[in-house]
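Enquirer: coordinates for the following, if possible.
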Amino acid sequence: MRYVYLIVSVSNPNQRYVGVTYDLPKRLAAHNAGASTHTSKYRPWHLVTYVGFTDDQRALQFERYLKSGSGNAFANGHLW
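Expert: I've put the predicted structure just below:
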């Protein structure tokens, strides 16, 4: 199972991040430990929502979509 996840910074709620992973608890722990250069400045992070996919390609496509203009609008209206 592959997960597309949305997290928000607890210290700066305007900072949000969309990612994809196989191990969601481990990945969230990595974000909160400062292991990711994109998210280390805004620790700690809180999981907002996630979607599980059995098909890796569909997970990657959904993550890419959420990072696009129309996908960002969809996420703002339905997922955040």
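Enquirer: the helices in this protein, which residues?
Expert: 24-33, 56-66, 69-78 (DSSP state H).
Enquirer: Tyr50 is nearest to which of the ones you listed?
Expert: If you check each of the helices of the chain against Tyr50 by Cβ to Cβ, helix 24-33 wins as the nearest, at 6.0 Å. C-betas here are computed from N, CA, C, even on glycine.
Enquirer: on that earlier part again, with distance to Met1 added, can I get the helices of the chain in CSV?
Expert: Output for the helices of the chain, formatted as CSV (distance: least, Cβ to Cβ, whole Å):
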stretch, distance to Met1
helix 24-33, 9
helix 56-66, 9
helix 69-78, 21
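Enquirer: among the ones you listed, which comes closest to Val10?
Expert: Nearest of the helices of the chain (Cβ to Cβ): helix 24-33, 9.4 Å.
Enquirer: then that closest one to PDB, C-alphas only?
Expert: Only the C-alpha atoms of helix 24-33 are listed here, as PDB (Å, rounded to 0.1, in the frame of the first residue of the first chain):
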ATOM      1  CA  LEU A  24       3.300   6.700   6.900                       C
ATOM      2  CA  PRO A  25       4.200   6.600  10.600                       C
ATOM      3  CA  LYS A  26       7.900   6.400   9.800                       C
ATOM      4  CA  ARG A  27       7.700   9.200   7.200                       C
ATOM      5  CA  LEU A  28       5.800  11.500   9.600                       C
ATOM      6  CA  ALA A  29       8.400  10.800  12.200                       C
ATOM      7  CA  ALA A  30      11.100  11.700   9.700                       C
ATOM      8  CA  HIS A  31       9.400  15.100   8.900                       C
ATOM      9  CA  ASN A  32       9.200  15.800  12.700                       C
ATOM     10  CA  ALA A  33      12.900  14.800  13.200                       C
END
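Enquirer: and for that helix, what's in contact with it?
Expert: 3, 5, 7, 17, 19, 21, 36, 39, 43-45, 47, 50 (Cβ atoms under 8 Å, 6 or more residues apart in numbering).
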